[in-house]
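> Quick one, what's the 3D model for this:
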Amino acid sequence: MSFLTPEPLAHVSVFVAEDDVAPVTAALMRAAALHLDVSETERWTPNPAWADHAEAYRALRDRADAVARTLGLADAPLRDGGDAPLRPERERPALESDVLRLETRTGGWRDDLAAAEARVAELEEARERVALLAPLGTPVEALRDLEHHHLAIGSLPSENVERVAAALFQVPFVLIPLERGVTSTLVAAATAREDGHVLDRALRAAFFDPAPLPPEASGAPDAAKRALDASLADARERLAAIRADGEALREELADLATRTRARIATHVQLCDAIRRFPFRDGVYVVGGWLSDARRAAVEADLHAVATRPLVVEALPAGGGAPGAPPRAVPTLVRTPRWLRPFETLVDTFGTTEYRELHPTVLVTAVFLFTFGMMFGDLGHGAILAAIGGVLALRGVRLGVVVAAAGGAAMAFGAAYGVAFGAEVFPAPWLQPLHAIFEILIAAVLAGVAIVNAAMVLNLVTTWRAGARVRFWIGKYGVLDVAFYWALLGGGAATFLGALPGAAWAAVALPLAAAVMLREPLEAVLAGVPPRWGEHLVPGFFELFETTIGNVSNSLSFVRMGAFAVAHEGLSQMVLSYGQGPSGWAVLLLGTTLIVGFEGLIVAIQALRLSYYEFFGRFFGGRGVRFRPLAFAGGPHD
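Here you go, the predicted structure:
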């Protein structure tokens, strides 16, 4: 099953002539199959010309984006132009010409639109100001062109009106409240022209908001307002006509603008990729990781677009020149669509390493099993499944996980014969409240199976990685598996009288000594002289930790049975209290708390068991995610 193991990869180096580097790179980006991994040397360095191309195309992209914003096309999707050949070093003059044409066609309209919008805003503001003068009844031009007086009209915080009057006691003034609002008051304040600075200073100190008289208004306020209304209607009509012209312009230029932007954006990405490739004597090296399954098809695509000889070298993962440092191999896993929502359970921990097993399906199974056993109830599981289904239909990825957890709870609820805490039919398996000891033992046995499955998976992972020493005596290796069973299995058999104590000791003690001397033994197997004395004390504590861990980790799963008992007991309590007065409210509140609060606690416990007792034993999570070199917005973006 490919979703259990990462795809086999090879490190390829494509040697391509300078004239072909753009179409070959474009073919790689369209295939979205290469995880770029380039390395420079003293003799192979990037060509700075492509950095210049990238910067020039970025500037051109900014200009094209400005045109798109003018036309209202900024959100239009940009896609790679299919199989059209890409030659960014040759196409720039033509694209610059297209952008200049777009700027020329839209520049005048943009200026006219800005001027018309500014005119409408100016007239609307003038109309509002003239409307404020209606209580005075004085012609606007008479107020605006006073020769011997200084006039200020605007609004003040209502509580500051009296303060302004008190502050102007040294000069003759007039302060007329024109209109009182909830928090502010419109006022007209006047004084002699030579005292205008005193009035202005007092008003500023009182947080005065001036409303200057509009220069285009004349006559009595009512007449001026009517004139401004007419001018405003004409300005709005002019603005509507300009916007209609803009719609026609947009329809005319939309295809050219979108196509030009897409081409420029493609060239920006292409130049950014090529600027990283090592270059020497007219030849580029494109290096990276490629799936074995797609290598033949990708190589055929590259040869199809190249006009000159093309050389492709491939080395399997782990291969390379003798003495060369190992390359970090990225991880490519083809997870089935139905399993992708559960990848979140693994992604929060780390990324699968190349030689590791990909644990999503395994963690999913353990998480659902532990959750279902702790939260087993047909009714509560159905509610949880319904909530998850609604979330999933609304596009919430976690909704699938919630729905699956609800389904697991329903499955165990059917095994328990319980719905909403009520025993609806005889339990096919166990009824937690009537078989407390049995459910706790079953939980521990399930935990033993899960812990051992994790250690077996660790053996598979270490063997795949070629770590033979770790396979035999490393953490959770064959030695630890044998010690686990000698300690717990042998101990249980001795306790039950099936195995003599001496036989148990004869098996367990040598294994305990081997665990204690793990590090010196690893040194011996690695061909390094061991230092036995230095490892005795640390080895003793490791033996102590391993012994305690084997016992505690297995017993940790007893919580599954304890939660199953507690869940049914709590559910029956809610059901019992729901029989009294206002029973529907008790049932509603109790069920909400059980499904929401207890469900969250159980989910945390299930995650804890999945992480620390299961896949933390065989999963390192220090891998590098496979990120293909691809155009943004493409099918693999």
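
> From E103, how far out is L249?
In this view, L249 and E103 are 13 Å apart by CB to CB, to the nearest Å. (Glycine included, C-beta is placed from N, CA and C.)

> again with S13
Separation of S13 from E103 (CB to CB): 43 Å.

> go on, P210?
For P210 relative to E103 (CB to CB), the value is 40 Å.

> helix/strand/coil for the closest residue to L34 other than its chain neighbours?
The shortest distance from L34 to any residue other than its chain neighbours is 4.3 Å, reached at G288 (CB to CB, 6 or more residues apart in numbering). When states are read from DSSP: H, G, I helix; E, B strand; the rest coil, the local structure at G288 comes out as strand.

> show me what contacts G288?
Contact analysis of G288 by CB atoms under 8 Å, 6 or more residues apart in numbering lists 11-12, 34-38, 629.

> Identify the residues contacting H267.
Listed by CB under 8 Å, 6+ apart, the contact set of H267 reads 53, 57, 86, 88, 91-92, 95.

> same thing with A405?
Contacts were defined as CB under 8 Å, 6+ apart; by that measure A405 touches 367-368, 371-372, 375, 384, 388, 599, 603.

> Closest one of those residues to E343?
Looking at these and their distance to E343, the nearest is F367, at 12.3 Å (CB to CB).

> my read: that closest one touches I604, true?
No. Because the distance of 11.2 Å does not satisfy CB atoms under 8 Å, F367 is recorded as not touching I604.

> The two - which one has more neighbours?
F367 (24 against 10; other CB atoms under 10 Å).

> measure that one to T547 for me?
With distances taken as CB to CB, F367 is found 28 Å from T547.

> Per-residue pLDDT of L34, please?
L34 carries a pLDDT score of 95 in this model.

> Equivalent analysis for T348, please.
According to the predicted model, the pLDDT of T348 comes to 83.

> Give me the distance between it and G621.
On the measure of CB to CB, T348 and G621 end up 10 Å apart.

> repeat for E91
Counting by CB to CB, the separation of E91 from G621 is 44 Å.

> do the same with L555
Taking CB to CB as the measure, L555 falls 26 Å from G621.

> how about the contacts of A405 in JSON lines, adding secondary structure and distance to D62?
What follows is those, written out as JSON lines (DSSP: H, G, I helix; E, B strand; the rest coil; distance: CB to CB, whole Å):
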{"residue": "F367", "secondary structure": "helix", "distance to D62": "48"}
{"residue": "L368", "secondary structure": "helix", "distance to D62": "50"}
{"residue": "F371", "secondary structure": "helix", "distance to D62": "51"}
{"residue": "G372", "secondary structure": "helix", "distance to D62": "55"}
{"residue": "F375", "secondary structure": "coil", "distance to D62": "55"}
{"residue": "L384", "secondary structure": "helix", "distance to D62": "50"}
{"residue": "G388", "secondary structure": "helix", "distance to D62": "45"}
{"residue": "G599", "secondary structure": "helix", "distance to D62": "50"}
{"residue": "A603", "secondary structure": "helix", "distance to D62": "47"}
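
> Output those residues as JSON lines; include the columns distance to S155 and pLDDT.
Rendered in JSON lines, the data for those read as follows (distance: CB to CB, whole Å; pLDDT from 0 to 100):
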{"residue": "F367", "distance to S155": "64", "pLDDT": "96"}
{"residue": "L368", "distance to S155": "66", "pLDDT": "97"}
{"residue": "F371", "distance to S155": "63", "pLDDT": "97"}
{"residue": "G372", "distance to S155": "67", "pLDDT": "97"}
{"residue": "F375", "distance to S155": "63", "pLDDT": "97"}
{"residue": "L384", "distance to S155": "58", "pLDDT": "97"}
{"residue": "G388", "distance to S155": "56", "pLDDT": "96"}
{"residue": "G599", "distance to S155": "56", "pLDDT": "95"}
{"residue": "A603", "distance to S155": "57", "pLDDT": "96"}
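
> Can you tell me which of the residues you listed is nearest Y484?
Set against Y484, the nearest of the contacts of A405 by CB to CB is F367 (22.9 Å).

> which ones are touching the residue nearest to that closest one when sequence neighbours are not counted?
In space, not counting the residues next to it along the chain, F367 is nearest to S610; the distance is 4.7 Å by CB to CB, 6+ apart. Contacts were defined as CB under 8 Å, 6+ apart; by that measure S610 touches 345, 363, 366-367, 370.

> now those in a markdown table, with secondary structure and distance to G583?
Below are those laid out as a markdown table (three-state DSSP; distance: CB to CB, whole Å):
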| residue | secondary structure | distance to G583 |
| --- | --- | --- |
| L345 | helix | 38 |
| V363 | helix | 41 |
| V366 | helix | 38 |
| F367 | helix | 35 |
| T370 | helix | 33 |
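
> Which one of these is nearest to P529?
Among the contacts of S610, V363 lies closest to P529 (CB to CB), at 41.1 Å.

> Quick one: name whatever helix or strand follows the lowest-mean-pLDDT helix or strand in the chain.
Between all helices and strands in the chain, the lowest mean by mean pLDDT, DSSP states H and E belongs to helix 140-144, at a mean of 67. Going down the chain from helix 140-144, the next helix or strand is strand 149-157, by DSSP states H and E.

> Neighbouring strands of that next one in the sheet, and parallel or not?
The sheet places strand 149-157 alongside strand 184-192 (antiparallel), strand 209-210 (antiparallel), with pairing taken from DSSP bridges.

> Figure out which of the ones you listed is closest to P428.
In this view, the strands paired with strand 149-157 are compared for proximity to P428 by CB to CB, and strand 184-192 is the closest at 75.9 Å.

> In CSV, list the C-alpha atoms belonging to the helix or strand just after the closest one.
Next helix or strand after strand 184-192 toward the C-terminus (DSSP H and E): helix 196-205. In CSV, the C-alpha atoms belonging to helix 196-205 read as follows (Å, rounded to 0.1, in the frame of the first residue of the first chain):
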residue,chain,number,x,y,z
GLY,A,196,-9.7,86.6,14.7
HIS,A,197,-6.5,84.9,16.1
VAL,A,198,-8.0,85.0,19.6
LEU,A,199,-11.2,83.4,18.5
ASP,A,200,-9.4,80.7,16.5
ARG,A,201,-7.2,79.8,19.4
ALA,A,202,-10.1,79.5,21.8
LEU,A,203,-12.0,77.3,19.3
ARG,A,204,-9.1,75.0,18.7
ALA,A,205,-8.6,74.5,22.5
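
> Helix 196-205 versus strand 184-192: what angle between them?
Interaxial angle, helix 196-205 versus strand 184-192 (axes from the mean of the first three to the mean of the last three CA atoms, to 10 degrees): 160 degrees.

> So for helix 196-205, mean pLDDT?
Averaging pLDDT along helix 196-205 yields 86.

> Next, the buried residues of that helix.
Residues of helix 196-205 classed as buried by neighbour count (16 or more other CB atoms under 10 Å): 196, 198-200, 202-203.

> I'd like those written out as TSV, with distance to S158 added.
Below are the buried residues of helix 196-205 laid out as TSV (distance: CB to CB, whole Å):
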residue	distance to S158
G196	24
V198	22
L199	19
D200	20
A202	16
L203	14
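
> My read is that G621 contacts T351, right?
Yes. Counting by CB under 8 Å, T351 is a contact partner of G621 at 6.2 Å.

> These two: which has the busier surroundings?
Neighbours of G621 and T351, each counted by other CB under 10 Å, are more numerous for T351; the result is 19 against 16.

> got the phi/psi numbers for that one?
Comment: the main-chain dihedrals of T351 come out as phi -110, psi 140, following degrees, to the nearest 10.

> Find the nearest non-adjacent residue to it, please.
If you skip the residues right next to it in sequence, T351 has G623 as its closest partner in space, 4.1 Å away by CB to CB, 6+ apart.
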